[in-house]
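Asker: The amino acid sequence is not available; the structure is as follows:
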């Protein structure tokens with residue numbers, strides 16, 4: 001069983017919204033950095049959003065700033081990604097990743113920095 005499980009993906013029309021969930025199993029997300037990545041067909045995996053469970057600081061890629069919101073629920077050991085005003089270019093498989101050694105900085109959106117991953121959830125934005 002993967003340590004992280006994503007859910008909430010689906011098909012949505014442009015301008016619509018989805019909320020993705022990332023639930024941890026077997027370890028706590030406390031003291032971890034959690035990031036959402038996405039990978040579209042033929043493209044490299046890219047970092048989308050980041051949250052530090054130490055101070056709840058959040059960061060976003062320019063492409064989603066103002067439209068996506070990352071948040072965490074410590075009691076549920078779950079991180080969410082609220083995605084609003086979705087565009088066709090947001091279509092991708094979305095993955096969450098976690099690691100206790102990662103801090104916000106130049107490498108926070110480097111996938112190789114993260115030890116724990118989920119299986120991904122497909123988001124398709126199309127009319």
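Answerer: Looks like it came in fine. Predicted, not measured: the structure shown is a model, and the values here were computed from it.
Asker: what number of residues lie near residue 2?
Answerer: 13 (other Cβ atoms under 10 Å). (Glycine included, C-beta is placed from N, CA and C.)
Asker: just the one 4 residues further on next, same as before
Answerer: A count of nearby residues for residue 6, using other Cβ under 10 Å, gives 23.
Asker: and the least confident helix or strand in the chain by mean pLDDT, what does it pack onto?
Answerer: When the helices and strands of the chain are scored by mean pLDDT, DSSP states H and E, strand 116-117 comes last with a mean of 93. Judged by 3 or more Cβ pairs under 8 Å, 6 or more residues apart in numbering; DSSP states H and E, strand 116-117 is in contact with strand 92-99.
Asker: let's see 6 Å
Answerer: Packing contacts for strand 116-117, counted by 3 or more Cβ pairs under 6 Å, 6 or more residues apart in numbering; DSSP states H and E, involve no helix or strand.
Asker: Now find how far off-centre that strand is within its chain.
Answerer: Strand 116-117 has its C-alpha centroid displaced from the chain centroid by 11 Å (Cα atoms, centre = their mean, to the nearest Å).
Asker: Does the residue nearest the centre of the chain have any beta-bridge partners, and if so which?
Answerer: Central residue of the chain (Cα atoms, centre = their mean): residue 36, 2.0 Å from the mean position. On the basis of DSSP bridges, residue 36 is bridged to residue 49, residue 96.
Asker: Next, work out how far apart it and residue 8 are.
Answerer: Distance, residue 36 to residue 8, using Cβ to Cβ, to the nearest Å: 11 Å.
Asker: quick one on the thing from earlier: and the next helix or strand past the least confident helix or strand of the chain?
Answerer: The helix or strand immediately downstream of strand 116-117 is strand 121-125, counting by DSSP states H and E.
Asker: can you pull the buried residues of that next one?
Answerer: 121, 123, 125 (16 or more other Cβ atoms under 10 Å).
Asker: The second one is in contact with residue 95, isn't it?
Answerer: Spelled out, it's residue 123. No. Judged on Cβ atoms under 6 Å, residue 123 makes no contact with residue 95 at a distance of 10.9 Å.
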